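>>> got a predicted model here, sequence first, then my questions.
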Amino acid sequence: MILTWTVFLPLVGAALIAVAGALARNVSDRALRDSALKVGALAVSLLAFLLSLPFALDFAATEREVVADWIPAIGSSFHLRLDGISVWLFVLTTFLTPICILASWNSIAVQDDADADHRVPTEKGVAGFLASLLVLETAMLGTFVAYDLLLFFVFWELMLIPMYFLIGVWGSPGVRSTFLFGKIKERVYATLKFVLYTMAGSALMLVGILWLRLSVGTFDLADITRHAATIGFARSAQFWLFWAFFVAFAIKVPLFPFHTWLPDAHVQAPTAGSVILAGVLLKMGTYGIIRFCLPLFPEAALFYAPTVSVLAVIGIIYGALVAMVQPDMKKLVAYSSVSHLGFVVLGLFSGNDIGVQGAVLQMVNHGLSTGALFLLVGMIYERRHTRTIADFGGLAKPMPAYAAFFIIVTLSSIGLPGLNGFVGEFLILLGTFMTEGRAWFAVLAATGVILAAVYMLWMVQRVFFGKVVHPENESLRDLSFREIIVLLPIVLMAFVIGFFPKPFLALMNAEDAIGSLRKAGATREVAAHAAPMLIPEPEDSHTSPEGGGNHE
């Protein structure tokens, strides 16, 4: 039952942290009380990470499936399953959570809204912050392994609650005027926008889930996938169901034009919230596409692949161009996510193993590199209480270690060979280029790689090089030991994946996880009349001497 324990251990830890925080509310030494809560939360998240490691290190020998009765009257079971598609995203979640807790060690605070320009937050709400982060970890882990559609929907919606509080309570200060809400706190506006967008997509997905339950008679994803592979759903039904699920996932990605909630949420979220949002939550959308849209509705997925690819390419170029003109470092990184995740969607709809494998690997790569960028932006914000690029310049002199980490992560983000970002983007572009009629998609998407180098390196040049123009930057302290410990594991993983991608890619092929998309109905016959050459002929097929059919 290691899988069950890994998923629900953070939830148990959140309950203990909340109870301990309430009981210790009257403790006079607040620093000691808060430190104890942080140590407890860090211990729980590290234990969850250790429990998840065997799934990646010894995948074949680890028990990766749990099936138990849950609500048998309606055909719903407690079915958890980890496979080659979800294993690295699962481990990425447990990897980033303790890093987020450690990164927030001295910055868990509720902002004082009495003055929008007040830059010294009030230290409180430590127990609530840590509990919210741990509940969010359980929701994310459960989403990656839930093999029952109703259970998946429960975990999917559970993610909204802790993220709502992380942004709305512990977000940035400031007030804005809106048409609907009048004057409202910036962070409250951002979290409402995030929740409303996600709930709109969830409503569509719930309709699709109920239709599948009534059609197949169960919520179990394995049974529904077998039904799709053998009997299949009517073509018209597939088209409606595809969009019901796809819109929900496209909002979460976020794919152009469903992206407008993302910059506000990122800018207003605390550092830990931004890291989790970019590192894991956005991957829920791309994971949902590969888990549901492609295998369950293959004919619709193949038919609409060119349309989705167009949206992905627009997102790649649009996100890069908008990022280029951002004066705020955090907003620049936020728009870069729109561009990078466009690559992931393009790879998922490339129609071959190379592109899909690259997309799954790029989900992990983006979580590492963009998560690290948000950590680095948060660290400089704690020192200067500003994220405006023009307020910096020459930081490499007072902060050489910080500059070194920032430059390495930047090179990872723009896909420098030898670092993790290159492997995923190269496989996506190669897979797309190999599909007949898609070469121009790959060519246009490749311009996003060039634009990424422009806006990221231009930011690095303005922030770190040249003269120290502002006196406030001359005495900035460099990274502390705790901050180096936070960044070092991510940087090491960037080099490991960059130089040794084979173990990561090989595990994605476990149990033919990616090839199963063909078995679920994406046959060459369907591809022939839905979208030409989406599933290429295997190279080793041949005709038997007796005149029989092709053999693979």
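Arrived safely.

>>> CA atoms for contacts and neighbours, from now on please.
Fine.

>>> for the closest residue to Val338 other than its chain neighbours, what are phi and psi?
Of all residues not flanking Val338 in the chain, Gly319 sits nearest, at 5.2 Å (CA to CA, 6 or more residues apart in numbering). Backbone geometry at Gly319, expressed as degrees, to the nearest 10, gives phi -60, psi -40.

>>> pretty sure Gly319 contacts Tyr335?
Yes: counting by CA atoms under 8 Å, Gly319 touches Tyr335, with 5.2 Å between them.

>>> any stretches of this protein with poor pLDDT?
Within the chain, the ranges that satisfy pLDDT under 70 run 28, 59-63, 109-124, 174-184, 509-552.

>>> how about the contacts made by Phe155?
For Phe155, the contacting residues are 139-140, 142-143, by CA atoms under 8 Å, 6 or more residues apart in numbering.

>>> can the residues you listed go into CSV with extra columns for secondary structure?
Below are the contacts of Phe155 laid out as CSV (DSSP: H, G, I helix; E, B strand; the rest coil):
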residue, secondary structure
Ala139, helix
Met140, helix
Gly142, helix
Thr143, helix
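
>>> report the buried members of those.
Buried by 16 or more other CA atoms under 10 Å: 139-140, 142-143, out of the contacts of Phe155.

>>> list the single closest residue to Lys330 in space, sequence neighbours excluded.
Spatial nearest neighbour of Lys330, excluding adjacent residues (CA to CA, 6+ apart): Val267 at 6.0 Å.

>>> strands of the protein, start to end?
For the chain, applying DSSP state E gives strands covering 65-71, 76-81, 175-178, 182-185, 542-543, 550-551.

>>> quick one: Leu311 and Ala320, what's the gap?
14 Å (CA to CA, to the nearest Å).

>>> name the residue in the two with the higher neighbour count.
Counted by other CA atoms under 10 Å, Leu311 and Ala320 do not tie: Ala320 has more neighbours, with 29 against 17.

>>> now do the contacts for that one.
Ala320 touches 335-336, 338-339, 448, 451-452, 455, counting by CA under 8 Å, 6+ apart.

>>> go again with 7 Å.
With CA atoms under 7 Å, 6 or more residues apart in numbering as the criterion, the residues that contact Ala320 are 335-336, 339, 448, 451-452.

>>> counting neighbours, what do you get for Val67?
Neighbour tally, Val67, other CA under 10 Å: 12.

>>> kindly report the same for Phe258.
Phe258, neighbours per other CA under 10 Å, totals 18.

>>> phi, psi for it please.
According to degrees, to the nearest 10, Phe258 has phi -100, psi 20.

>>> mind listing what it touches?
250-251.

>>> okay, buried residues for stretch 278-290 please.
Applying 16+ other CA under 10 Å to stretch 278-290 flags 278-290 as buried.

>>> which ones among those residues lie within helices?
Secondary structure assignment by DSSP state H places 282-288 of these in helices.

>>> which non-adjacent residue is nearest Ile167?
Ile167 sits nearest to Ala269 (CA to CA, 6+ apart), 4.6 Å away.

>>> distance-wise, check that neighbour relative to Trp105.
Taking CA to CA, one finds Ala269 at 16 Å from Trp105.

>>> so the two - more neighbours on which side?
Between Ala269 and Trp105, Ala269 has the larger neighbour count (other CA under 10 Å), namely 26 against 16.

>>> report the contact partners of that one.
Ala269 touches 166-167, 171-172, counting by CA under 7 Å, 6+ apart.

>>> can you redo those residues as JSON lines with distance to Phe242 and neighbour count?
Formatted as JSON lines, the contacts of Ala269 follow (distance: CA to CA, whole Å; neighbours: other CA atoms under 10 Å):
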{"residue": "Leu166", "distance to Phe242": "32", "neighbour count": "27"}
{"residue": "Ile167", "distance to Phe242": "31", "neighbour count": "28"}
{"residue": "Gly171", "distance to Phe242": "35", "neighbour count": "28"}
{"residue": "Ser172", "distance to Phe242": "37", "neighbour count": "25"}
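
>>> tell me which entries of those residues lie within helices.
166-167.

>>> I'd say Ser413 and Leu368 touch.
No: counting by CA atoms under 7 Å, Ser413 does not reach Leu368; the two are 9.0 Å apart.

>>> I am finished for the moment; much appreciated.
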